[in-house]
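*Asks:* Predicted model follows, preceded by the sequence.
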Amino acid sequence: MLNDPRSHGLWEKTAPQPPATVPLSGSVAADIVVVGGGYTGLSSSLHLAEAGKSVVLLEANEVGFGGAGRNVGLINAGMWVMPDDLPGVLGPVYGERLLDLLGNAPKLVMELIDKHKIACELERNGTLHVAVGADGLKEITDRASQWAARGADVRLLDAAETARRVGTSAYTGSLLDMRAGTLQPLAYARGLAHAAVNAGVALHTSSPVIATERNGNRWTVRTAKGSVTADWIIVATDAYSTGPWEQVRNEQVHLPYFNLATRPLGDNLRKSILAGREGVWDTKEILSSYRMDQAGRLVFGSVGALRNTGLSVHKGWARRALKKLFPQLGDVEFECEWYGKIGMTDNALPRFHKFADNVVGFSGYNGRGIAPGTVFGRTLARHILGEMSEAELPLPLTDPAEPRFRAAKELWYEAGAQVVHFADARF
């Protein structure tokens, strides 16, 4: 996208084509206008259209342009915050609601893929949260216990079983979450777009919103060459927000994250590395993640941006890390490289915002966009359809607020990741 091979990398190379679209032109009317063509916007549009509502979706760039087309592709349940801590942060009512909703969110993703026959390399074999050292083992032990107490299909694996599944003895154990899985993230977004269009959604790309205005009981949303008048606006722009809802971007600290994909591995290597095709991420503060794609490419990522000095630093570190984890790989070459931005909120939890009457949105997924984005999109649809009141939503209403020292923190994350990866003697 934008003629930049480092924007979407492997995912753009291997995803099916999106539906044919054109920029918005002229004035149209609808029941709901959705702004943003990521998981939340596509899911809400699809569910509303299936319920008989007329929907126009406006995307500033292309479907999946933001985090939806750049992430590693882990369909995770829950958030970073420990399950038992959520009620303390959000209160017992919202805390338990959010745990229930997000704990079951991967199920909705897989149901939509099955229902709409979305070709997105879905793997249903779970994910492995792998422990580094004693502290990492304690973290995943606590997390496993707290999820298991809520009936989740999770299991704590010892070091030997972890090594058998992953193909390295680098970890002290792992948390296997069978609710979760992996997919090709841009292919999933494009598949949702096809399903939405088939359901009757009018999808317009290259149509950034430049202004909104209230006309009686309705809203008019304007782009450079057109306008949509609707009863409701769903704001689904999240960490890549610009224009009228830039405050959504500004309430999040951008954490850069890169991914590198090897060439397809041979059969023997595929049998020795992630033979079960689970997705993996570790407990380090500067974490790493990896998984296999359908063709047998090992997709390996970590915190950092592939630009300026970061390009050589992070790629050099990745080669060392993979050689240390999987000596059988030898000296690896990367077929694709790309990076994006994770929007981090100050408490690592998502937000529900009501920007004005009938203007609503969820945001702040903290690197967990696939399942939360999908289920929050359905939640917004249910709210607009009258099936769920504001008081019944899984998050309380909050106003966007910019965290202190946001710009400085973003510079520190990018520079700090380079320092850690340059100095990491283990890799």
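*Replies:* Cool, the structure landed.
*Asks:* CA only for contacts and neighbour counts going forward, please
*Replies:* Noted.
*Asks:* Name the SS class of Ser174, please.
*Replies:* Judged by DSSP: H, G, I helix; E, B strand; the rest coil, the three-state class of Ser174 is strand.
*Asks:* any idea how far stretch 368-388 is from the chain center?
*Replies:* The chain centre lies 15 Å from the centre of stretch 368-388; the measure is CA atoms, centre = their mean, to the nearest Å.
*Asks:* quick one: average pLDDT of it?
*Replies:* Predicted confidence along stretch 368-388 averages 97 (mean pLDDT).
*Asks:* Can you mark which positions in that stretch are buried?
*Replies:* For stretch 368-388, a neighbour-count test (16 or more other CA atoms under 10 Å) marks 368-384 as buried.
*Asks:* With stretch 4-19 instead?
*Replies:* Using 16+ other CA under 10 Å as the test for burial, stretch 4-19 gives 6-12, 15-16, 18-19.
*Asks:* residues in contact with that stretch?
*Replies:* 1, 63, 69-70, 119-120, 184-187, 190-191, 193-194, 197, 261, 306, 336-340 (CA atoms under 8 Å, 6 or more residues apart in numbering).
*Asks:* And the average pLDDT for it is what?
*Replies:* Stretch 4-19 shows a mean pLDDT of 96.
*Asks:* Dump that stretch to PDB, restricted to CA.
*Replies:* Extracted C-alpha coordinates of stretch 4-19, given in PDB (Å, rounded to 0.1, in the frame of the first residue of the first chain):
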ATOM      1  CA  ASP A   4       5.800   1.000   0.500                       C
ATOM      2  CA  PRO A   5       6.800  -2.700   0.900                       C
ATOM      3  CA  ARG A   6       7.400  -2.100   4.600                       C
ATOM      4  CA  SER A   7       3.900  -1.000   5.400                       C
ATOM      5  CA  HIS A   8       2.100  -4.400   5.000                       C
ATOM      6  CA  GLY A   9       4.800  -6.700   3.900                       C
ATOM      7  CA  LEU A  10       4.000 -10.400   3.600                       C
ATOM      8  CA  TRP A  11       0.300  -9.900   4.300                       C
ATOM      9  CA  GLU A  12      -0.200  -7.700   1.200                       C
ATOM     10  CA  LYS A  13       1.800 -10.100  -0.800                       C
ATOM     11  CA  THR A  14      -0.300 -13.100   0.100                       C
ATOM     12  CA  ALA A  15      -3.800 -11.800   0.800                       C
ATOM     13  CA  PRO A  16      -6.700 -12.200  -1.600                       C
ATOM     14  CA  GLN A  17      -7.800  -9.000  -3.300                       C
ATOM     15  CA  PRO A  18     -10.300  -6.700  -1.600                       C
ATOM     16  CA  PRO A  19     -13.600  -5.800  -3.000                       C
END
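*Asks:* re earlier: tell me which of the contacts of stretch 4-19 fall in helices.
*Replies:* 185-187, 190-191, 193-194, 197 (DSSP state H).
*Asks:* I'd like those as CSV, with distance to Leu203 appended.
*Replies:* Listed next are the ones in helices among the contacts of stretch 4-19 as CSV, based on distance: CA to CA, whole Å:
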residue, distance to Leu203
Pro185, 19
Leu186, 17
Ala187, 17
Arg190, 12
Gly191, 13
Ala193, 8
His194, 10
Val197, 7
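*Asks:* so which of the residues you listed comes closest to Leu175?
*Replies:* Pro185 (22.7 Å; CA to CA).
*Asks:* any idea of the pLDDT on the closest residue in space to that closest one that isn't next to it in sequence?
*Replies:* Closest residue to Pro185 apart from its sequence neighbours, by CA to CA, 6 or more residues apart in numbering: Gly73 at 5.2 Å. The score at Gly73 is 98. That number is its pLDDT.
*Asks:* can you count the residues close to Gly73?
*Replies:* 26 (other CA atoms under 10 Å).
*Asks:* Numbering from 46 from now on, please.
*Replies:* Sounds good: first residue 46 from here, last item Gly118.
*Asks:* give me every residue that touches it.
*Replies:* 227-230, 415.
*Asks:* Buried ones among these?
*Replies:* Buried, going by 16+ other CA under 10 Å: 227-230, 415, out of the contacts of Gly118.
*Asks:* now the residue most central in space within the chain: how far from Val199?
*Replies:* With distances taken as CA atoms, centre = their mean, the residue of the chain nearest its centroid is Gly414 (2.4 Å). As judged by CA to CA, to the nearest Å, Gly414 and Val199 stand 21 Å apart.
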